[in-house]
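Participant: just coords:
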């Protein structure tokens, strides 16, 4: 569904607090500012790394539009906490040269992640070989924890609609 920049984004549920940890030890909260929530795992061969590359471009676009990092957050939540230790995620983050203070990488127990993902109606399933089949959606959450938009992650030749995500995020900042 397309929402123009002149339409108010719908409210599609509310995100409760999560007992997840930020891998670099930073405190985080889901209150106070809009955030883009993504789910990933470090062994993902395609969707996750392509999406991360596109989100780096999103940050550049937002900066060009006058939006600073302290106005929004990006939360990337691992779907594979057994493999994705804090050390593994920090190496992954470094491999993509992510240094932004507003881009937080989160992990928790299998149960904590499942509870958090369920709030978004986000589906994922781990195979016996360690690969994870997961929904390819990202979620825009406003400062009052309402889910306001769903955007597609990068899949195959389809990339993240950076301008559309940026426009929606800017709408939530007004």
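Facilitator: On my side now, so go ahead. Just so it is clear, the model here is predicted, and its values are computed rather than measured.

Participant: burial count for the residue lying closest to residue 119 once chain neighbours are set aside?
Facilitator: Nearest non-adjacent residue to residue 119, counting by CB to CB, 6 or more residues apart in numbering: residue 15, 5.2 Å away. From N, CA and C alone the C-beta is placed, and that goes for glycine too. Number of residues near residue 15 (other CB atoms under 10 Å) recorded here: 20.

Participant: pLDDT below threshold where in this protein?
Facilitator: Low-confidence segments of the chain (pLDDT under 70): 1-7, 29-31.

Participant: what segments of it are helices?
Facilitator: Counting by DSSP state H, the chain has helices at residues 47-64, 86-95, 110-118, 162-173.

Participant: which other helices and strands does the shortest one contact?
Facilitator: Judged by 3 or more CB pairs under 8 Å, 6 or more residues apart in numbering; DSSP states H and E, helix 110-118 is in contact with strand 73-78.

Participant: before we move on, the earlier item: residue 133 is nearest to which of the helices of the chain?
Facilitator: In terms of CB to CB, the element of those nearest to residue 133 is helix 47-64, at 10.3 Å.

Participant: what angle sits between that closest one and strand 73-78?
Facilitator: For helix 47-64 against strand 73-78, the angle by axes from the mean of the first three to the mean of the last three CA atoms, to 10 degrees is 170 degrees.

Participant: from now on call the first residue 716
Facilitator: Okay, residue one is now 716; in that scheme the one you just asked about reads as helix 762-779.

Participant: need the helices of the chain in a markdown table (columns: distance to residue 751).
Facilitator: Formatted as a markdown table, those follow (distance: least, CB to CB, whole Å):
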| stretch | distance to residue 751 |
| --- | --- |
| helix 762-779 | 7 |
| helix 801-810 | 16 |
| helix 825-833 | 15 |
| helix 877-888 | 7 |
